[in-house]
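[1] Pasted the sequence and its predicted model underneath.
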6 protein chains.
Amino acid sequence: MPESRTILGGDLPNVPWQDRPEGCTRVMWRYDANPIIPRDLIPCANSIFNSAPVPYDGKFAGVFRVDDRRRSLRIHVGRSDDGFAWRIEPEPIAMTGAAPEVADSGHYYDPRVVEIDGRYYVTWCNAHHGPTIGVAWTEDFRTFHQLENAFLPANRNGVLFPRRIGGRFAMLSRPSDWGHTPFGDIFYSESPDLEFWGRHRWVMGRKGGWQALKIGAGPVPIETAEGWLLIYHGVLLSCNGYVYSCGAALLDLDEPWKVRSRCSEYLLSPQTPYECVGDTPNVVFPCAALTDAATGRIAVYYGAADTVTCLAFCHADELIDYIKAHNEV
Amino acid sequence: MPESRTILGGDLPNVPWQDRPEGCTRVMWRYDANPIIPRDLIPCANSIFNSAPVPYDGKFAGVFRVDDRRRSLRIHVGRSDDGFAWRIEPEPIAMTGAAPEVADSGHYYDPRVVEIDGRYYVTWCNAHHGPTIGVAWTEDFRTFHQLENAFLPANRNGVLFPRRIGGRFAMLSRPSDWGHTPFGDIFYSESPDLEFWGRHRWVMGRKGGWQALKIGAGPVPIETAEGWLLIYHGVLLSCNGYVYSCGAALLDLDEPWKVRSRCSEYLLSPQTPYECVGDTPNVVFPCAALTDAATGRIAVYYGAADTVTCLAFCHADELIDYIKAHNEV
Amino acid sequence: MPESRTILGGDLPNVPWQDRPEGCTRVMWRYDANPIIPRDLIPCANSIFNSAPVPYDGKFAGVFRVDDRRRSLRIHVGRSDDGFAWRIEPEPIAMTGAAPEVADSGHYYDPRVVEIDGRYYVTWCNAHHGPTIGVAWTEDFRTFHQLENAFLPANRNGVLFPRRIGGRFAMLSRPSDWGHTPFGDIFYSESPDLEFWGRHRWVMGRKGGWQALKIGAGPVPIETAEGWLLIYHGVLLSCNGYVYSCGAALLDLDEPWKVRSRCSEYLLSPQTPYECVGDTPNVVFPCAALTDAATGRIAVYYGAADTVTCLAFCHADELIDYIKAHNEV
Amino acid sequence: MPESRTILGGDLPNVPWQDRPEGCTRVMWRYDANPIIPRDLIPCANSIFNSAPVPYDGKFAGVFRVDDRRRSLRIHVGRSDDGFAWRIEPEPIAMTGAAPEVADSGHYYDPRVVEIDGRYYVTWCNAHHGPTIGVAWTEDFRTFHQLENAFLPANRNGVLFPRRIGGRFAMLSRPSDWGHTPFGDIFYSESPDLEFWGRHRWVMGRKGGWQALKIGAGPVPIETAEGWLLIYHGVLLSCNGYVYSCGAALLDLDEPWKVRSRCSEYLLSPQTPYECVGDTPNVVFPCAALTDAATGRIAVYYGAADTVTCLAFCHADELIDYIKAHNEV
Amino acid sequence: MPESRTILGGDLPNVPWQDRPEGCTRVMWRYDANPIIPRDLIPCANSIFNSAPVPYDGKFAGVFRVDDRRRSLRIHVGRSDDGFAWRIEPEPIAMTGAAPEVADSGHYYDPRVVEIDGRYYVTWCNAHHGPTIGVAWTEDFRTFHQLENAFLPANRNGVLFPRRIGGRFAMLSRPSDWGHTPFGDIFYSESPDLEFWGRHRWVMGRKGGWQALKIGAGPVPIETAEGWLLIYHGVLLSCNGYVYSCGAALLDLDEPWKVRSRCSEYLLSPQTPYECVGDTPNVVFPCAALTDAATGRIAVYYGAADTVTCLAFCHADELIDYIKAHNEV
Amino acid sequence: MPESRTILGGDLPNVPWQDRPEGCTRVMWRYDANPIIPRDLIPCANSIFNSAPVPYDGKFAGVFRVDDRRRSLRIHVGRSDDGFAWRIEPEPIAMTGAAPEVADSGHYYDPRVVEIDGRYYVTWCNAHHGPTIGVAWTEDFRTFHQLENAFLPANRNGVLFPRRIGGRFAMLSRPSDWGHTPFGDIFYSESPDLEFWGRHRWVMGRKGGWQALKIGAGPVPIETAEGWLLIYHGVLLSCNGYVYSCGAALLDLDEPWKVRSRCSEYLLSPQTPYECVGDTPNVVFPCAALTDAATGRIAVYYGAADTVTCLAFCHADELIDYIKAHNEV
């Protein structure tokens, strides 16, 4: 599969990659040396997961969720030469520039990172009398400029689009509650300036099976000829708790709140020991995807069992065909 | 009390008024012919309550919550010569101008109305895959232009300030859940254009006793020399359900998310038969206040038992003194 | 309205009746001397409500729910000359003939009574390791022969049709839970012999507004030229509990699980003191209807506030027209 | 009924009294001028209820629950010449002598008062990181000496016996939870010194009908020839909340955790407007009983609807006969 | 143990079997090559478990629960020569013959299969506006004739007896709720024709320890000289969810709702990795048993962790002795 | 670290011990042959965990929680020569001497053992119409003399101090509810005689992160020069249930309800397979600690996954320094 007909951006020849194993027929497959980051890579860490690498300066940088041994939720900078082996900063990110009322929220988790016009924007689940979407930017992964929170509580899983839509910044998010949130649909919002947000639109909701309880956007949407490729998580409530799986949909390029196709099957569900056993059993939680437009290779970073960081792979064309073949909007 | 030292706006000599009854020592007292609007004033109505009059064209107009006999939640225009006797339009308001995705939500309740620069803005609890704040404006109480919803769900009790603050529109609201919401604090948000909202700030939360479960803004804040006078509702959870009472606080004029004083006592709690018996027993829910700056007279419109519309009265100076004397921020 | 075009049975010239009050425009109106049975008509009674009169021997007899002063739930025989004034037996009904495993359940409530082929069948909410539908018959309102319970728990509001359908007995019921049941749809079942039941079909479910939480069949369905006239209760969940109202639908005569029309508005909701105040505030619960085919008069017996027994009236033709005019299936 | 055969103490010729009304056949009947204390007898009061008078100095004194207009829970001293008309102190009781860790709990409610050896002991629902039983004593109803809390949280309805049992102080109480407690049995505990408590014994639990959810001791037990006469409250959970009624049992004189008889019927349930409408609808909550041994007259003080204070009456001999006649242990 | 004194039917010399391991003293032991069916034996499968083989045509056939990768619940036919190695059909069973109102329910799970008079009857958890018991029959495991659902919702774990009792078909089932059902007793019902059901009797309920939350019938009851041998599942609620274990009881042969003995200990609880880790951790769920009357060998098929299919073994005589030795009815 | 500067008692040269592994930097580390007791060490056992060894007669004895195969909760005596290898008695402990009302409670779990003045006191979670703290003593680990239960229900995790404080026995405990208790703080109580308890004081509550839901005392507090060293468990609520970790604090020696320092980090959280997989996944539950004052060695016995018994180790001085370095009171 030397060339992809679909991906419009993300030209990344050094995207982390491992070919599909012999005999495997799945559209997405795991890296065979998962997890790539163990829970205790740095001394303070209880767990390192739900994290967001991006290409940076010919190599890779990213923002990583590191819960410390108080089980406080923090985000740290990480760096890598190849996207597989990571060095995580020992200290959490200290933001700068926020209004005093919203700074120092004490909670930072489930970050996503996207480059727009040369700046790297970080969104994460922040706290301001309830969970909401924090927004910051950096140019060097050293200084992070915190902006206003995007929304009122309660909200989680805020994910920016990689470019303006209709001239405005655009974000997916999932209105939530103050706890473990036994519901959840994906909404779309726009902003002229990343400070004020509006034009809120419902995008899609739960839909039975692996996504019967709630859903939330995963990696930054990937622009393709067929629409925005949205990899997302869906949750099923078993009698023993939540099960997080990974699925995908295609959103309209111009009006992304319109779903063009949505894969009825999950792409990845918790089946390995490192996904089924850990601080939260049975969790596959994708937060980032790196793509190579030329080959259509996509590397998906996901947290497993709320404990470790893992990699999975797919081909863009195959995935889009699969979504359309299993479409149930 | 011929002159008020405090109120800065709302010059309304014909404000509805009845003097404090003999022997009454309360800072707020009920109209003795309550309710002013019975539940079945118009044929389709199950109940008429939680409504919002404003001065209009020398007389009065307003937006009224009218639940119909399907128990669907609708808002209707009402008109009055004196603020006591009301004529309610038989048909609900039909909004115009909204994007198709957010129009025709099917739920319209708990409206507030405020004049800003000659336009009358209505905010209400709207539905868009969850409760949120609808916004519309009218100049004639005939055509209502619906704007974008202010926030993502779930939100209720959105109340605009009567003028721009720091050059921006400002709104109080209460993030909620999808049901009867057993929690709730008041937040503050700003908008340059009533389309995009941000700079969200927590204002105040529950505080024991009559406001131990949740609170929500009531009438449009009243500008005074001592700050924004905010009349609001607080809720206590008894073993037999919610009890809604009416209280008050003073917010900073320039930074209204800063509470200057907050009255520890309720001003009005459900004690009369029309407040204690009805579709929802034990509810006093203030939604509008008319003021006369010269005399300091304030007339508060409130819904009782989610069934009928009532009036209560107070003097601005007395109330402000009372808040400060019973202050517990 | 001397003649009714619709009712096919129930020729009862002495049906209890009071004309619609002057000025009233409602399709169903209350008896002005409600309640007809006070809570303490007999010494042991805590309350008398949710009861089921039928024409009997030229006068009236019926089965009445009488909660005693232990708040145990019992059913008693009542008798009346005119349908307004009732004599309730001081002792509860003692059933005979049941298998020992299901006899003496200890719970008897919300009875319905219907004559089929000269026997008076009673259905009620019985207990057998959970609420279920008890069935018995009498010919004299003295000896009651208890049959097998119709269903496995949990079920309530079992109501027999007044004749066989397709050659079989037919019953509406509402699958429930073991407590106050915050959900509930109406189902239809058939039996060749009143002992074994099957061919279960879903009929209709909750539908927003006054019937948003659950619904349940009320009086025995009334056969009309337009279908089975089903008067039923619907429940809305307020923040202060359940509100029970009365509504109506028309079911297909031959396949009664098919709803032909359904009135979107309630016919009666709790609005009077005797409906709003009592052991369970805000309850209107219809359990029986007497009809006069010649005039179309319908007298509806309903429990109010789970405390007393009341009467309301309507015309069959008017009601059917009203259902069709406000139809939302 | 000039002489009682049963009551062993409480010689109080001036016990408040009103004969049973004509035609009434109930074993307990209401005072016809209820409520004796309105909700706003003193200016700060939101409600005055669940209160505990005792004979004092030839007249009457007592401790009254007065919720203020913050809906904070406080106890005040009250005095009366005749037990009907009361003067309530405008300021709450300020306790003295408690260890700093447990003083100033901020919650004082549902007091009981009993004289033992010339001291008047007050028990109430106190707060120490959860509800528990506060204990204090006074000799003059001016200075109240606070002792240690009797138990760890969560506990409510602590009621002392009027004399030592087996040489030790004895208390009934009801282990609870931190909220509205949807369960609750009565337990018995002993103390050599009112500081340390032990020898805990279960006395009785919920039992269907009016007492199906929970029960709690009411007035101080009354010593009789047939055992300790315990008037208590029982709670039923309706779909619209809790219903509090009043019942009675007889406990063994020497081993009071052994129930000798227990009345299956309630004595009083909420049926009047002042019991059914108020801050908590449908509450009858007895907290004190005054007795005259010579005549067997008993006056029961009870709170109604968590709003006002009321009186009911019964004869000791009649009541004991009634309990035994309706006994279901 | 060459001969069994107890089993009256099920003459199956080729019953799958593995002797008790050295040193094991348990009455039931696992197959050492468990699981016999992996979660992904066929391409569409997410998991294959809770399944029901029967002897068929000298070999084995069965109905298998196969959740697909949408996590939709489906049943498939499987075939085997030896009962260990299975071939599962790639497509789910398509039923025929049901009334349109109840066909195509969309949910098919937890099947049981039993031969009665040469027909193989399948019961499963079906959906008809709630979970209920679907019934179908086949003679060739190719065409499945769907009958009426046995009961109204909510019901699960419907299990037919292998012969008529008192001339009627007989079924065990467990009334449930619409979700994960935190309660559940086993009931017995009869039918003359598999269309209409009645004569419902309570059989047994939860009983502490491993079966403290709920119980449900497992394999088709096995007829023995000592009564119907019922292998069933019991559920314990830990702070981390449900734990499903396997136990056994003996029911009266003629009146199977009468429990003759009940083993207080579980026979098998989740202890192996394949039982403790998977889509639902800590689940052992027996659905079928094959027996050889001559030797008393019993092979139990059970689902593990809602993910895979496993085998365990026991001797009939030993098991019956064990039940009686540990009897606590 | 040949000498400890801190521990004041527990001179136990043969304390079980294993040096910190190479490269490990944690203040507490696991025994590398964990678990030391498998779930099925004795035939009746389902699991053996949450257990309490003490030095006894130069060797070791202890009380062990053994859930049997009914999943009934029992305590057994165990003996060991070295503290690693244990022999558990096959029969549960049979207490003697309790009043009949509180004997034979049927529940015995989570024991602690402490020697005071030559007697070995056992406290455990007992049942008396709810969970409470049982107390007994033995001198020979053969005869156990049961005393009165310490408290009214609901309480768990009662832990005695190893000597009198202010002349009285002292106990930590955690008021609870009747189920899995989603809250919980540690309280302190005193008794002159182990029969009557009082002077209850709140010690500390939940505190975010790993101890955000509830906390409970673990081993008997260890007397040190810096205060009572309290090793305790804290619980976090994930979307898949409770996670139990182990932490530590220092309490004032004379007023142990005053916390001197409290370690913000956990010492041990469930990370190994035997802690993450079992009857209750993700549980580390410390119940006993053996100390050697000369060397400062501490051996902590803890239950893992509510299934097996494990050992961990730390140095007293290091631990106390760590607590103080990470102090967040």
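    Noted; the coordinates are in hand.
[2] which parts of stretch A:279-296 are buried?
    Buried residues in stretch A:279-296, counted by 16 or more other CB atoms under 10 Å in any protein chain shown: A:279-293, A:295-296. Where C-beta positions appear, they are placed from N, C-alpha and C, glycine not excepted.
[3] and the nearest residue to residue A:309 once chain neighbours are set aside, how many neighbours?
    Take residue A:309 and drop its neighbours on the chain: the residue closest to it by CB to CB, 6 or more residues apart in numbering or on different chains is residue A:37, 3.9 Å away. Neighbour count for residue A:37, taken as other CB atoms under 10 Å in any protein chain shown: 28.
[4] so who does residue A:37 touch?
    A:48, A:49, A:51, A:64, A:86, A:88, A:308, A:309 (CB atoms under 8 Å, 6 or more residues apart in numbering or on different chains).
[5] Okay, and the closest residue to the third one other than its chain neighbours sits in which element?
    This points to residue A:51. Nearest residue to residue A:51, sequence neighbours excluded (CB to CB, 6+ apart): residue A:64, at 4.0 Å. In the assignment (DSSP states H and E), residue A:64 maps to strand A:59-68.
[6] Strands of the stretch 151-300 of chain A, start to end?
    For the stretch 151-300 of chain A, applying DSSP state E, counting those that start in this stretch gives strands covering A:155-160, A:169-175, A:186-191, A:196-204, A:214-217, A:222-224, A:227-238, A:241-251, A:259-262, A:284-292, A:297-304.
[7] Touching the second one from outside, list them.
    The contact list for strand A:169-175, computed with CB under 8 Å, 6+ apart, reads A:116, A:123, A:133, A:150-151, A:154-161, A:164, A:184-194, A:197, A:203, A:214-217, A:221, A:230, A:256, B:130, B:152-154.
[8] Can you say which of these are buried?
    A:116, A:123, A:133, A:150-151, A:154-161, A:184-192, A:194, A:197, A:203, A:214-217, A:221, A:230, A:256, B:130, B:152-154.
[9] okay, stretch A:186-206 in CSV with CA atoms only?
    Extracted in CSV, the C-alpha atoms of stretch A:186-206 (Å, rounded to 0.1, in the frame of the first residue of the first chain):
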residue,chain,number,x,y,z
ILE,A,186,-20.1,14.4,21.1
PHE,A,187,-20.8,18.1,20.4
TYR,A,188,-19.2,20.6,18.1
SER,A,189,-18.4,24.2,18.9
GLU,A,190,-16.7,27.1,17.2
SER,A,191,-14.7,30.1,18.3
PRO,A,192,-13.3,33.1,16.4
ASP,A,193,-10.4,33.5,18.9
LEU,A,194,-10.1,30.5,21.2
GLU,A,195,-11.5,32.7,24.0
PHE,A,196,-15.3,32.8,23.2
TRP,A,197,-17.1,29.7,22.0
GLY,A,198,-20.5,29.2,20.4
ARG,A,199,-22.5,27.8,17.5
HIS,A,200,-22.8,24.5,19.5
ARG,A,201,-24.1,21.5,17.5
TRP,A,202,-24.8,18.0,18.5
VAL,A,203,-22.7,15.6,16.4
MET,A,204,-23.5,12.1,17.5
GLY,A,205,-24.6,10.0,20.5
ARG,A,206,-24.4,6.6,22.0
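[10] Check whether that stretch comes near chain B.
    Yes - contact between stretch A:186-206 and chain B is present through A:187, A:189-193, A:195-202, A:205 (criterion: CB under 8 Å from any CB of the partner chain).
[11] I figured residue A:228 hits residue A:162, correct?
    No - using CB atoms under 8 Å, residue A:228 makes no contact with residue A:162, being 9.2 Å away.
[12] Check which element follows the strand holding residue A:64 along the chain.
    According to DSSP H and E, the helix or strand after strand A:59-68 is strand A:73-80.
[13] That following strand pairs with which strands, and in what direction?
    strand A:59-68 (antiparallel), strand A:87-88 (antiparallel) (DSSP bridges).
[14] could I get that strand in CSV with only the CA atoms?
    Taking Å, rounded to 0.1, in the frame of the first residue of the first chain, the C-alpha atoms of strand A:73-80 are listed here in CSV:
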residue,chain,number,x,y,z
LEU,A,73,-3.6,14.0,37.8
ARG,A,74,-0.9,15.9,36.0
ILE,A,75,0.4,16.4,32.5
HIS,A,76,4.1,16.2,31.6
VAL,A,77,6.1,16.9,28.4
GLY,A,78,7.6,13.9,26.7
ARG,A,79,10.1,13.7,23.8
SER,A,80,11.1,10.9,21.5
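[15] For it, which outside residues touch it?
    By CB under 8 Å, 6+ apart, strand A:73-80 touches A:42, A:51, A:53, A:56, A:59-68, A:86-93, A:107-109, A:111, A:122, A:124, A:141-142.
[16] who does residue A:133 bridge with?
    residue A:125.
[17] do residue A:74 as well
    Assigned bridge partners for residue A:74, using DSSP bridges, are residue A:66.
[18] Next one: it from residue A:46, what distance?
    10 Å (CB to CB, to the nearest Å).
[19] Could you name every residue contacting both of these two?
    With CB under 8 Å, 6+ apart as the test, residue A:74 and residue A:46 both reach A:67, A:68.
[20] Of the two, which one has the most company?
    Neighbour count, other CB under 10 Å: between residue A:74 and residue A:46, residue A:46 has more, with 24 against 19.
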